[in-house]
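> Starting from these lines, generate the structure:
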Amino acid sequence: MIKRLAGCIRAYKKQSILGPVFGIFEVVLEVVIPFLMAWMIDRGISTGDMDYILRLGIVLIVCALLAMVFGILSGRMTAVAASGFAKNVRRDIYFNVQNFSFANIDKYSTSGLVTRMTTDVTNLQNAYMMILRIAVRAPAMIIFSLIMAFGINVKLSLVFLAALPVLAASLLVVINKSHPIFERVFKIYDRLNRVVQENVRGIRVVKSFVREEHEVKKFGHVSEDIYKDFSKAEKILAFNAPAMQFCMYACIIIISWLAAKMIVGETGMTTGQLMSLFSYCIQSLMSLMLLSMVFVMITISRASAERIVETLDEKSSLTNCENPVMDVPDGSLSFENVTFSYGPGHGKPALRDISLSIKSGQTVGIIGGTGSAKSTLVQLIPRLYDVKKGQVLVGGRDVREYDIEALRDSVAVVLQKNVLFSGTIKDNLRWGNPDASDEELIHVSKLAQADDFVRTFPDGYDTYIEQGGSNVSGGQKQRLCIARALLKKPKILILDDSTSAVDTKTDALIRKAFREEIPDTTKIIIAQRISSVEDADLIVVMDSGKVNGIGTHEELLETNEIYKEVYASQQKGGDGNDAA
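Predicted structure coming up:
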């Protein structure tokens, strides 16, 4: 884990080295100061030698100023290193997530990934900064203080060593008791983020059903769980400070008692030496206390580090084969005995024994009830998921033989949940082709019946789209997404219920434009309305993950009961949405 995270330091190695180095220089000067003060007391103040006091005073001021400078430099370097380290960790997580397959994304909740990139990375950043600043400085301070103390008086210095095992034992108990609680807390953070995300995303539903109080209570329950666990962990950690203070004051009392006997007995102990021993005692034990804080922070961040490394080490379940095919010859499709399940191992299949052939350039409609796996079927074509059994062929080859980017460049999908990004309409359309000219944008917009409403906006194609497309209607959003997909000039175009928010006239115009303008593109239309697919070359009826019927509109009206029922219900109630 440490080796994996160390790889994220990269360009900040210089600061990560200089920070501790400046910190050690600071420690050396801070340790020298009590020694010089002992000289000042014993050789200057006791004898009344003002010249000696002034000379040594100047040296003390210079040492103090240098210590301050080195402390500032150390703090700056460690802050830059820790911030850069956190930046690199976030970047690596984000880029790795971009390579995740849908199966990988299903493994990690959105709220979990958000927690990893925010709270967990912040904990890791704080821990790294404390490691560079304190975990190097504190041991150095302890070592140098002990060396100086032993140089003054070996017997009294043994008091420090006696305190170390007590402090180490108490610290070990605290860490072992608190770490499991912090692991649990960060999982609850995932729940907290999920509650907030659901509430913000579904705020219209919450307000429509007057469920604000319910959502507040739900958030309160999760917050209460975090509060209880954090309180429990902090109570355990709170034992650390009293243990440290007890040892520190006990050492001071013992040293005072022993040193007083030595001074009174005139056994070679001076007042200046006693004062410097007190300074070294406080410095070393305070450093131990700071070191315990580092261990506490490491304990907190350890759970975060494990979650981050888990995300960084996660590899996409979809990979290219050796020597992948880089060109998709045409839009022909074939499903051969395809079985697929979302769950790991032998979960319940979402698709079972699907066999289906589609010629290049055909228009294929797919209808079926909710949960009949219509969307699952088409997600196998651009290899968003891999089949468990059987194979999916595009252009006569198994999709697993193609380079993933080459395959997906040849397949355009307009999903049920249409997504527009913040930016202008041009920016959103050019997701389909970054190099597209304005004329090409207008052409595909006309095919998708989007040009007319875009031109009604004051800024036309330069109109700014808010995040998620919140300033355009559902139908407008769908038409822009269709135009974006057409800009890819795909060999296969998949419309996954992506005309549900447009009226039947506009829907018919879009399909007419497809027939006339892109006849060589294979078009797969998943729809709720039979009117959207009745003129297709082939219609597939799905039911419970199986193909229930295949044929033209007229053939299915004669032979397929499900199709007849849906057709009859929509004829009675207009173009209802009962089918899906």
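> Going along the chain, name the helices of the stretch 351-500 of the chain.
In the stretch 351-500 of the chain, the segments counted as helices under DSSP state H, counting those that start in this stretch are 374-379, 404-409, 425-429, 438-447, 451-456, 474-486.
> ok, residues contacting the last one?
Here helix 474-486 makes contact (CB atoms under 8 Å, 6 or more residues apart in numbering) with 412-414, 418-420, 425, 428-429, 431-432, 441, 444-445, 447-450, 453, 469, 472, 493, 495, 498-503, 506, 510, 518. Using the backbone N, CA and C atoms, a C-beta is placed for each residue, glycine as well.
> Flag every buried residue along it.
Gly475, Gln476, Lys477, Gln478, Arg479, Leu480, Cys481, Ile482, Ala483, Arg484, Ala485, Leu486 (16 or more other CB atoms under 10 Å).
> okay, these in TSV with distance to Leu164 and pLDDT next?
TSV is the format used below for those (distance: CB to CB, whole Å; pLDDT from 0 to 100):
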residue	distance to Leu164	pLDDT
Gly475	73	86
Gln476	71	89
Lys477	66	89
Gln478	70	88
Arg479	73	90
Leu480	68	91
Cys481	66	91
Ile482	71	91
Ala483	71	92
Arg484	66	91
Ala485	68	90
Leu486	72	90
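> Can you lay out these as a markdown table showing distance to Ile298?
Below are these laid out as a markdown table (distance: CB to CB, whole Å):
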| residue | distance to Ile298 |
| --- | --- |
| Gly475 | 54 |
| Gln476 | 52 |
| Lys477 | 47 |
| Gln478 | 51 |
| Arg479 | 54 |
| Leu480 | 49 |
| Cys481 | 47 |
| Ile482 | 52 |
| Ala483 | 52 |
| Arg484 | 47 |
| Ala485 | 49 |
| Leu486 | 54 |
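> hang on, the earlier thing: go through the helices of the stretch 351-500 of the chain and pick out the most buried.
Of those, the one with the most neighbours on average (mean count of other CB atoms under 10 Å) is helix 474-486, at a mean of 24.
> Could you double-check that Thr270 lies in contact with Met40?
No - using CB atoms under 8 Å, Thr270 makes no contact with Met40, being 11.8 Å away.
> who's more crowded, those two?
Set side by side, Thr270 and Met40 show more neighbours around Met40, with 21 against 17, by other CB atoms under 10 Å.
> which residues sit in contact with that one?
Tyr52, Ile53, Leu56, Gly57, Leu60, Gly272.
> Grab the two from those residues that are most spread out in space.
Across these, the longest distance by CB to CB is 14.4 Å; it joins Gly57 and Gly272.
> For the helices of the stretch 351-500 of the chain, give me TSV that also has distance to Leu161.
As requested, the helices of the stretch 351-500 of the chain are exported to TSV (distance: least, CB to CB, whole Å):
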stretch	distance to Leu161
helix 374-379	66
helix 404-409	62
helix 425-429	67
helix 438-447	77
helix 451-456	79
helix 474-486	71
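> Mind listing what's buried along stretch 14-29?
15-16, 18-20, 22-29.
> do stretch 122-134 as well
Asn123, Leu124, Gln125, Asn126, Ala127, Tyr128, Met129, Met130, Ile131, Leu132, Arg133, Ile134.
> Now, those residues that are in helices?
Within the buried residues of stretch 122-134, residues falling in helices by DSSP state H are Asn123, Leu124, Gln125, Asn126, Ala127, Tyr128, Met129, Met130.
> Buried subset of the contacts of helix 474-486 as a PyMOL selection?
Selection of the buried residues among those in PyMOL, burial being defined by 16+ other CB under 10 Å:
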select buried, resi 412+413+414+418+420+425+428+429+431+432+441+444+445+447+448+449+450+469+472+493+495+498+499+500+501+502+506+510+518
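> List the contacts of Ala513.
The contact partners of Ala513, taken as CB under 8 Å, 6+ apart, are Lys446, Leu447, Ala448, Gln449.
> quick one: it and Ile482, what's the gap?
10 Å (CB to CB, to the nearest Å).
> now, which of the contacts of Ala513 sits nearest Ala82?
Taking CB to CB as the measure, Ala82 lies nearest Ala448 of these, at 48.8 Å.
> can you pull the pLDDT of the closest one?
Looking at Ala448, its pLDDT reads 90.
> now the buried residues of stretch 14-29 in TSV, with secondary structure and distance to Asp386?
Listed next are these as TSV, based on DSSP: H, G, I helix; E, B strand; the rest coil; distance: CB to CB, whole Å:
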residue	secondary structure	distance to Asp386
Gln15	helix	44
Ser16	helix	41
Leu18	helix	48
Gly19	helix	47
Pro20	helix	48
Phe22	helix	53
Gly23	helix	52
Ile24	helix	54
Phe25	helix	57
Glu26	helix	57
Val27	helix	57
Val28	helix	61
Leu29	helix	63
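> Of the residues you listed, just say which sits nearest to Gly371.
Taking CB to CB as the measure, Gly371 lies nearest Ser16 of those, at 53.3 Å.
> Spatially nearest residue to that closest one (excluding sequence neighbours)?
Excluding the flanking residues, the one nearest Ser16 by CB to CB, 6 or more residues apart in numbering is Ala81, at 4.4 Å.
> hang on, the one you found is in a helix, isn't it?
Yes - read with DSSP: H, G, I helix; E, B strand; the rest coil, Ala81 is one of the residues of a helix.
> Now do the contacts for it.
Residues counted as contacts of Ala81 (CB under 8 Å, 6+ apart) are Ile9, Tyr12, Gln15, Ser16, Gly19, Tyr128, Met129, Leu132.
> again, only using 6 Å
Tyr12, Gln15, Ser16, Gly19 (CB atoms under 6 Å, 6 or more residues apart in numbering).
> any idea how far it lies from Val89?
Computed as CB to CB, the Ala81 to Val89 distance reads 12 Å.
> Then Phe70?
28 Å.
> neighbour-wise, which of those two wins?
Neighbour comparison, Phe70 and Val89: the larger count goes to Val89, with 26 against 20 (by other CB under 10 Å).
> my read: the more buried one touches Cys8, true?
Yes - under the criterion of CB atoms under 6 Å, Val89 makes contact with Cys8 at 4.8 Å.
> list the residues that contact both of the two?
Contact criterion CB under 6 Å, 6+ apart; residues shared by Val89 and Cys8: none found.
> Just the mean pLDDT for stretch 143-158, thanks.
For stretch 143-158, the mean per-residue pLDDT is 81.
> per the record, what domains does the protein have?
The chain breaks down by automatic domain parsing into domains covering 2-313, 324-410+490-580, 420-489.
> and the end-to-end length of the shortest one?
Between the start and the finish of domain 420-489 there is a gap of 19 Å, counting by CA to CA, to the nearest Å.
> low-confidence ranges in this protein?
The model of the chain has pLDDT under 70 over residues 46, 265-268, 343-347, 572-580.
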